[in-house]
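Trainee: model the following, please.
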Amino acid sequence: MGAGIHHITLITRKVQANVDFYVGFLGLRLVKQTGGYEDASQLHLFYGDGAASPGSLITFLVWEDGAVGRVGHGQPSEIALAIEPSSIGFWLTRALSHHVEVSGPSEEMGEPTLRLKDPDGVIVKLVGVAGFPAPTDWGASSVPQEHAIRRIRGATIMSEVPELTERFLARHFGYRPALGSEFMRRLVSDSGDVIDIRDARGFWSSAAGTGTIDHIAFRARDIAEVEALHAELAKGNSSTTNVHDRNYFYSLYIREPGGVLIEFATDAPGMTVDEPADELGTHLFVPPERADKFDELKVMLPQFSWPGEERVIYRDLPFVHRFYTPEDPDGSTIVLLHGSGGNETSLLPFAAKAAPNATLLALRGRATEEGTPRWFRRFSANKFDQADIGSEAEAFAGFIEGAAEAYRLDLERTVFLGHSNGANMLAATMLLHPHLVRRAVLLRAAMPLEELPAADLSDVEALLVAGDADMFSSFGPDLAVLLRDAGAAVDARAIASGHGLDVADVEIVGDWIAACK
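Mentor: Residues are numbered from 1 along each chain as shown. Okay, here's the model as predicted:
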């Protein structure tokens with residue numbers, strides 16, 4: 001053992017800012033993008049040198065809805081990247097010109113160091129260290145090769161039991177003591193990277209979340225070495241998880257005595273197992289056991305643009321929202337309102353099947369019930385908070401107006417689609433704020449308003465699809481009749497289904513949207 005760091009994994013909230021920083025500013029190569037192996041609906045990005053070499057890999061779990069974490073004991077607190085000592089001036093100038101928060105240069109453990117903060121607030125140190133070879137060039141970095149990041153220099157661990165943490169890393173991963181200070185113990189591997197163990201006695205505990213480091217992975221020679229460590233730790237009743245085949249490496253997760261999550265990962269088979277070296281990072285992959293859901297996951301995972309490419313600039317509007325842009329957009333837009341218990345990703349796969357070339361704009365309701373999003377409060381299954389419906393409909397109307405201006409939506413080519421509670425919200429908005437929504441698809445909808453306003457819906461086309469076995473279908477008055485009485489052109493259908501969506505819904509909605517164009 002003693003081969004050093006394989007990769008370091010962190011948690012980010014906003015994927016676009018993350019890509020812009022690590023590829024656009026630091027000049028690393030995005031070498032892999034996958035759905036997570038623990039949760040395939042969570043995007044996982046890998047950055048590294050041009051060859052995706054172990055020891056250069058920095059990976060991110062994308063928690064777009066995640067809470068901000070707290071750095072404390074039982075967690076890594078900083079990462080360090082090696083550069084040539086003569087490149088300190090280049091990186092200081094680059095940070096200032098790119099408006100990246102930077103301090104230094106200062107001397108840490110005898111090494112010239114710049115301290116940066118990434119978009120989530122993680123401290124990323126650039127450390128001048130001679131002796132590391134130049135990384136493999138990937139041809140598209142904005143950083144000159146002579147100033148490029150060489151590899152991971154190391155990480156800092158916060159431990160309440162620094163002596164035990166040091167002993168554990170020395171025994172199982174081949175690290176040995178090097179320089180230290182009163183509150184910091186430095187360990188070094190045979191490959192030259194370092195782990196700094198900070199004495200965190202008296203600090204608060206850590207909390208996982210965005211802007212924190214999830215784990216550090218050390219390099220194993222092969223699967224046999226991973227299994228040997230697994231067996232050794234099991235004999236000592238150590239806290240371990242099962243080993244995992246992550247497709248790109250085989251690994252074991254361990255909690256060291258101070259609580260930091262450690263992974264022990266093989267170099268092989270590596271990042272080129274499923275895409276050639278010249279195409280690294282350009283394709284999306286999902287875990288093999290979820291391959292049958294690839295099309296759905298592709299739509300649900302957050303999108304990003306490469307540095308310099310056109311991208312969606314998200315605006316501060318009343319509702320959390322997410323865009324999905326297809327490969328060949330036709331200029332139309334579908335605005336999606338999820339059902340009870342869903343979120344902004346729930347209807348994306350459905351809408352992408354119904355209208356493959358439409359840009360999708362999915363929203364999240366702001367009311368919650370038992371921790372899940374809804375569009376308005378309810379007192380029972382069929383008794384709704386009328387005041388809350390009114391205020392949320394007003395906010396949604398404001399969103400439509402704001403989104404039309406901010407994102408240049410053509411409301412004449414925009415379809416609003418809601419399911420269940422989202423369809424109820426859409427129906428209420430149409431009646432309370434006429435002339436905003438002109439094309440609406442209401443799936444398993446009921447009328448939530450107790451007092452119906454006089455509304456002119458003569459400019460509205462609406463498709464209503466009910467399930468003949470839907471237990472909620474009898475709630476409230478006949479919505480199709482109400483919309484027709486207000487002047488809307490209504491296409492009302494019933495299919496052999498319950499409250500959930502069916503394949504028949506996709507076909508009906510797809511045909512209806514196509515006919516509206």
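
Trainee: who does A265 form a beta bridge with?
Mentor: In this entry, A265 is beta-bridged to R219, S251, by DSSP bridges.

Trainee: list the contacts of it.
Mentor: The contact partners of A265, taken as CB atoms under 8 Å, 6 or more residues apart in numbering, are 6-7, 54, 217-220, 226, 246, 249-251. Just so you know, the C-beta spots here come from the backbone N, C-alpha and C atoms, and that holds for glycine as well.

Trainee: swap in 6 Å and give it another go.
Mentor: 6, 217, 249, 251 (CB atoms under 6 Å, 6 or more residues apart in numbering).

Trainee: list just the nearest of those to G131.
Mentor: Distances from G131 to the contacts of A265, taken as CB to CB, are shortest for H6 (20.0 Å).

Trainee: okay, the nearest residue to A130 once chain neighbours are set aside: pLDDT?
Mentor: Nearest residue to A130 in three dimensions, chain neighbours excluded: P85, at 5.8 Å (CB to CB, 6 or more residues apart in numbering). At P85, the pLDDT value in this model is 97.

Trainee: what residues does P85 make contact with?
Mentor: 112, 128, 130.

Trainee: sec struct for the last one, please.
Mentor: Which is A130. Recorded secondary structure, A130: coil (DSSP: H, G, I helix; E, B strand; the rest coil).

Trainee: what is the burial count for it?
Mentor: Look at A130: counted by other CB atoms under 10 Å, it has 10 neighbours.

Trainee: circling back: and which of the contacts of P85 is nearest to V506?
Mentor: Among the contacts of P85, and counting by CB to CB, the member closest to V506 is G128, at 57.5 Å.

Trainee: so what's that closest one bridging to?
Mentor: I83.

Trainee: do E107 as well
Mentor: P112.

Trainee: disregarding flanking residues, what is the spatial nearest neighbour of L436?
Mentor: I400 (5.2 Å).

Trainee: tell me where the stretch 301-450 of the chain has strands.
Mentor: 321-324, 333-337, 359-363, 367-369, 372-374, 378-380, 383-384, 414-419, 439-443 (DSSP state E, counting those that start in this stretch).

Trainee: dump those into TSV; add distance to D292 and mean pLDDT as well.
Mentor: Formatted as TSV, the strands of the stretch 301-450 of the chain follow (distance: least, CB to CB, whole Å; pLDDT from 0 to 100):
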stretch	distance to D292	mean pLDDT
strand 321-324	20	96
strand 333-337	23	98
strand 359-363	22	97
strand 367-369	32	87
strand 372-374	26	91
strand 378-380	35	84
strand 383-384	38	88
strand 414-419	23	97
strand 439-443	24	97
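
Trainee: could you export the ones you listed as a markdown table, including mean neighbour count and distance to D468?
Mentor: Below are the strands of the stretch 301-450 of the chain laid out as a markdown table (neighbours: other CB atoms under 10 Å; distance: least, CB to CB, whole Å):
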| stretch | mean neighbour count | distance to D468 |
| --- | --- | --- |
| strand 321-324 | 20 | 31 |
| strand 333-337 | 26 | 23 |
| strand 359-363 | 25 | 28 |
| strand 367-369 | 14 | 27 |
| strand 372-374 | 20 | 25 |
| strand 378-380 | 11 | 24 |
| strand 383-384 | 18 | 24 |
| strand 414-419 | 26 | 17 |
| strand 439-443 | 27 | 14 |
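
Trainee: nearest to V465, of these?
Mentor: When the strands of the stretch 301-450 of the chain are compared (using CB to CB), the closest one is strand 439-443, at 5.2 Å.

Trainee: which stretches of the stretch 301-450 of the chain have low pLDDT?
Mentor: By pLDDT under 70, the stretch 301-450 of the chain has no low-scoring segment.

Trainee: what ranges do the helices span in it?
Mentor: 348-354, 386-406, 421-432 (DSSP state H, counting those that start in this stretch).

Trainee: return the most buried member of those.
Mentor: Across these, the average number of neighbours (mean count of other CB atoms under 10 Å) peaks for helix 421-432, which reaches a mean of 26.

Trainee: helices or strands next to that helix in the packing?
Mentor: If you count contacts as 3 or more CB pairs under 6 Å, 6 or more residues apart in numbering; DSSP states H and E, helix 421-432 packs onto strand 333-337, helix 386-406, strand 439-443.

Trainee: the second one to strand 359-363, inter-axis angle?
Mentor: Right, helix 386-406. Using axes from the mean of the first three to the mean of the last three CA atoms, to 10 degrees, the inter-axis angle of helix 386-406 relative to strand 359-363 is 150 degrees.
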